[in-house]
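Novice: Pasted the sequence and its predicted model underneath.
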Amino acid sequence: MKRTFYFSAVILLCSIFWVSCDDSGIFEENKSIPETGWDTSNVVSFNVDIKDPSTPASFYINVRNADGYPYSNLFLFIKTKFPNGKQSVDTLECTLADENGKWIGKGLGDIYDNRIPFKRNVRFPMAGTYIFELSQGMRINPLPLIMDVGVRIEKAE
């Protein structure tokens with residue numbers, strides 16, 4: 001019995017290690033939003049060090065929402081600050097539920113995780129530290145039941 005338990009534990013740990021290995025990831029970080037809601041003045045910032053700008057990359061926004069989130073979408077303003085000081089601002093609509101109100105993301109209980117494509121197969125113009133700032137662009141302030149937001153950059157396939 002004890003031997004079976006240890007064997008199962010080793011298999012489980014190996015499986016977790018295998019799944020967690022991700023060669024395509026360049027950067028991924030998620031940050032929590034306060035339980036009181038996401039205020040428009042709460043800008044969530046991510047510093048990303050790009051060493052090899054010649055590698056094509058795909059850019060995703062991670063959003064975690066609770067089941068009671070009152071909308072089917074989320075508008076985000078995404079400000080990119082380049083290493084040379086230039087800036088750009090984009091607006092992204094993140095669809096979180098289908099037209100019938102069914103959540104699209106992967107769910108565990110009443111929490112749903114979404115990975116929304118932002119830009120695909122792009123090259124960074126230069127090496128250096130990029131700053132990505134996310135702020136919510138919805139009409140309600142503070143915005144309830146958005147739990148986490150994040151950025152994922154991976155090598156393009």
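Specialist: That came through fine. This one's a predicted model, so the numbers in the text were calculated from it and none came from an experiment.

Novice: Quick one: low-confidence residue ranges for this protein.
Specialist: Low-confidence segments of the chain, defined by pLDDT under 70, span residues 1-24.

Novice: Work out for me the element the residue positioned nearest the centre of it sits within.
Specialist: In the chain, the centroid-proximal residue (C-alpha atoms, centre = their mean) is residue 62; its distance is 2.0 Å. Applying DSSP states H and E as the criterion places residue 62 in strand 57-66.

Novice: Pull up the pairing partners for that strand, direction included.
Specialist: Counting by DSSP bridges, the strands paired with strand 57-66 are strand 111-122 (antiparallel), strand 146-155 (antiparallel).

Novice: Mind giving me the packing neighbours of the next helix-or-strand element following that strand?
Specialist: Toward the C-terminus, strand 57-66 is succeeded by strand 73-81 as the next helix or strand (DSSP H and E). Applying 3 or more C-beta pairs under 8 Å, 6 or more residues apart in numbering; DSSP states H and E, one finds that strand 73-81 contacts strand 57-66, strand 87-95, strand 128-136. C-beta coordinates here come from the backbone N, C-alpha and C atoms, glycine included.

Novice: Could you give the number of residues near the spatially closest residue to residue 50 that is not a sequence neighbour?
Specialist: Among residues not flanking residue 50 along the chain, residue 124 sits closest, at 4.7 Å (C-beta to C-beta, 6 or more residues apart in numbering). Around residue 124 there are 22 other residues, counting by other C-beta atoms under 10 Å.

Novice: so residue 124 sits in a strand?
Specialist: No - with DSSP: H, G, I helix; E, B strand; the rest coil as the criterion, residue 124 is assigned coil and is not in a strand.
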